[in-house]
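> Take this sequence and fold it.
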Amino acid sequence: MYWYLTAFSLLLLVAAATSTLIALYAWKRRPVPGSVLFAIAMLAVTQWSLAFLLQIVSSDLTNKLAWAKFQTVGMVVLPITWLAFALVYTGRGALLKPRQLLLLAIFPLIFFVLVLTNEAHNLVWQEIYIKTVNDLPILVSTPATWYWINNIFLYGCYLAGSLMIMSSQRYEIASLHPGQALVLAIGLILPWFGLALDFAGLNNINLMPLAFCLSGIIVARYALQFRFIKHSPLEQQALVNNLSAGVLVLDNRLTIVDANAAATVLLQRPSCDLINHPLSAVLPDLSAQYGRLTEHPCDITQTDGAAVRYFEASLAPLYDWRKLPSTTLLTLHDITERKQAEILRDDMTHSIVHDLRSPVSNSLFALQMLKGNLEQDAASIDNRHLVDMTSANTEKVLHLINSILDINRMENGHMQVHYTAVPLDNLVSRLVQSHKAHATEKQITIQHYIPQDLPPAWADAGLLERILQNLIDNSLKFTGAGGVIGITAVAVPNIANGHTSLEVSISDDGPGLSPELAHTAFNKFITGGSQESGNGLGLAFCQMALEAHGERIWANNNPEKGVTFTFSLSVPPTTTRNGHVGKTANLDTSLPYYPAIFTASQPEIAAISR
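Numbers count the residues shown, from 1 in each chain. Model prediction:
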């Protein structure tokens, strides 16, 4: 018997200490609904356990009876706080009005007074004495009517609160977390075993305090592990479940620990096939791209037999109370309809341009032949002007068709880049001259400054020419009469690796980029909606062509007005670190180059290159 009491006392001590720690942990999360009430309930369990422990270790009847009465504090506080916690936590906090709370507290107060004055009426215990078992004193009492009434009230409140948590449809514990619900159910059932043993008289020591302690530990552990308190208040759960986007919660091992209703619909899998399964088993394609997903959202493809669905996936880390990463929120948006529309549009575009290319090419060939014949026949000026206009328009249509085909080839990775050394000063001068007539017609001045000693660009000459042509055309569209377009290029040394790169800028003083175009200007078919807007392919072509070179392009609005487009270029790989050029085809190797420096003697160039 001695070892039994010693082990039992140690269990009570450990359980009381653990309950205190859980109460402190819940108290730190006071903003969470119900956390304060849960902390008070755990402190009530702690007080009950410690008082019962002191009753056990006491040797005389007076002290044992005093500690037995002191236990009543925890016994009357626990049912009220547990029921209030369940009401608040399950979204029924509006029922806890002052009048209802007062009525709920009347019975515990009556019972506490009866315990303190039991010697006068014996309504709680009829007979109290010490029974010696193996030389150990044990307090034995004969329960009276109010003892059992209090037990009915205690377990009634506990049962009501437990059923509210377990049967809450907003949590759907049974369907979403079958294993977790079983753990919680076991924790909630434990006190009933203590009551059964006490009622049957099968144990000399009342096990109810220990049962409530163990139940509190299991429930608290469940709450901490599965976010019953910290991460899943009902308001957040309702918000997540009502989202149209699918939401998966991942732990640090990329295992799915939670999923909203939309996720089960989007993935066409029941929640039991998602919860506690690794992400690689549910979405293998997304798991393979997880590294990229941490940087920016990605589109993923989900194949189910003959059906193909597309999702846009994004990640958002969740932090615990210490501001450390705890879990990750994976959001899935169904973009199947949008993707199918894009595929249909691309297929239609590809079909249309192929159908147009042949007749347009033939028309251009016929016009060129006609133009040659007119030169021999000395045709009238009007006919020549008509032929020139038709030829220019046909070339523009053919240029548009080629742009669409080139964009499609670059998207599919079929565009080949033929690198060669391209002197920028000659290329820019030629392009400015070809746009001079158009600029003069709109009363626009095109200024350019490319240093003579600037190293050549290492790029595909044809693609680079079209990039510059598109950017100049874009500036001419949006620059008003009397405006200025500036084209500059500078060498930018990289101190880290000792290499040199080039940056080419085309600046105008037009209206600039609107806020909605700031992040989408380089997307296909995106236009500004103004009268000057084109077909939405020019800037998209520039970005894709530069990405094919491993370079980038960006745009910034100027401080006053207008926008500056800047893109990077590499220099030939045979360029040495000291700025001299080695042997490269079609390149004069006798001229050294140095990074261009703008001085105060060139204010107009400095202004253009801002």
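> how does this protein divide up, domain by domain?
What automatic domain parsing lists as the domains of the chain is 2-225, 243-334, 340-411, 419-608.
> So what touches the helix or strand where Leu332 lies?
If you go by DSSP states H and E, Leu332 is part of strand 325-334. The contact list for strand 325-334, computed with C-beta atoms under 8 Å, 6 or more residues apart in numbering, reads 231, 245-252, 257, 263, 266-267, 279, 309-320. The C-beta positions use only the backbone N, C-alpha and C, and glycine is treated the same way.
> Could you check stretch 256-268 and say which residues are buried?
By 16 or more other C-beta atoms under 10 Å, the buried positions in stretch 256-268 come out as 256-264, 266-267.
> Distance from that stretch to the middle of the chain?
Centroid displacement of stretch 256-268 relative to its chain, using C-alpha atoms, centre = their mean, to the nearest Å, is 16 Å.
> Confirm for me that Leu424 is in contact with Val490.
No - here Leu424 does not reach Val490: they are 10.4 Å apart, not a contact under C-beta atoms under 8 Å.
> any shared contact partners between those two?
454, 502.
> quick one, which of the two is more surrounded?
Leu424 (22 against 19; other C-beta atoms under 10 Å).
> so how far is Val432 from the more buried one?
Per C-beta to C-beta, to the nearest Å, Leu424 is found 12 Å from Val432.
> and what of Trp146?
Taking C-beta to C-beta as the measure, Trp146 and Val432 are separated by 102 Å.
> same deal with Leu188?
Separation of Leu188 from Val432 (C-beta to C-beta) stands at 81 Å.
> Okay, buried residues for stretch 244-253 please.
Using 16+ other C-beta under 10 Å as the test for burial, stretch 244-253 gives 245-250.
> Mark which of those are part of strands, please.
Using DSSP state E, the subset of the buried residues of stretch 244-253 located in strands is 246-250.
> So what's the gap between stretch 70-81 and the chain middle?
Taking C-alpha atoms, centre = their mean, the mean C-alpha location of stretch 70-81 is offset from the chain mean by 45 Å.
> and what of stretch 49-58?
How far stretch 49-58 lies from its chain's middle: 52 Å, per C-alpha atoms, centre = their mean.
> One more: stretch 53-70?
Worked out by C-alpha atoms, centre = their mean, stretch 53-70 lies 57 Å from the chain centre.
> hang on, the earlier thing: would you mind putting the buried residues of stretch 256-268 into JSON lines with secondary structure, distance to Leu139 and pLDDT alongside?
Output for these, formatted as JSON lines (DSSP: H, G, I helix; E, B strand; the rest coil; distance: C-beta to C-beta, whole Å; pLDDT from 0 to 100):
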{"residue": "Ile256", "secondary structure": "strand", "distance to Leu139": "52", "pLDDT": "83"}
{"residue": "Val257", "secondary structure": "strand", "distance to Leu139": "46", "pLDDT": "76"}
{"residue": "Asp258", "secondary structure": "strand", "distance to Leu139": "48", "pLDDT": "78"}
{"residue": "Ala259", "secondary structure": "strand", "distance to Leu139": "52", "pLDDT": "82"}
{"residue": "Asn260", "secondary structure": "coil", "distance to Leu139": "53", "pLDDT": "82"}
{"residue": "Ala261", "secondary structure": "helix", "distance to Leu139": "54", "pLDDT": "80"}
{"residue": "Ala262", "secondary structure": "helix", "distance to Leu139": "58", "pLDDT": "82"}
{"residue": "Ala263", "secondary structure": "helix", "distance to Leu139": "56", "pLDDT": "84"}
{"residue": "Thr264", "secondary structure": "helix", "distance to Leu139": "55", "pLDDT": "83"}
{"residue": "Leu266", "secondary structure": "helix", "distance to Leu139": "61", "pLDDT": "81"}
{"residue": "Leu267", "secondary structure": "helix", "distance to Leu139": "60", "pLDDT": "82"}
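> Which two of the residues you listed have the greatest separation?
Val257 and Leu266 (17.8 Å; C-beta to C-beta).
> In three-state terms, label Tyr310 for me.
In three-state terms, and counting by DSSP: H, G, I helix; E, B strand; the rest coil, Tyr310 is strand.
> So what sits opposite it in the bridge?
Using DSSP bridges, the beta-bridge partners of Tyr310 come out as Thr301.
> From here on, call the first residue 46.
New numbering, starting at 46: the last item is Tyr355.
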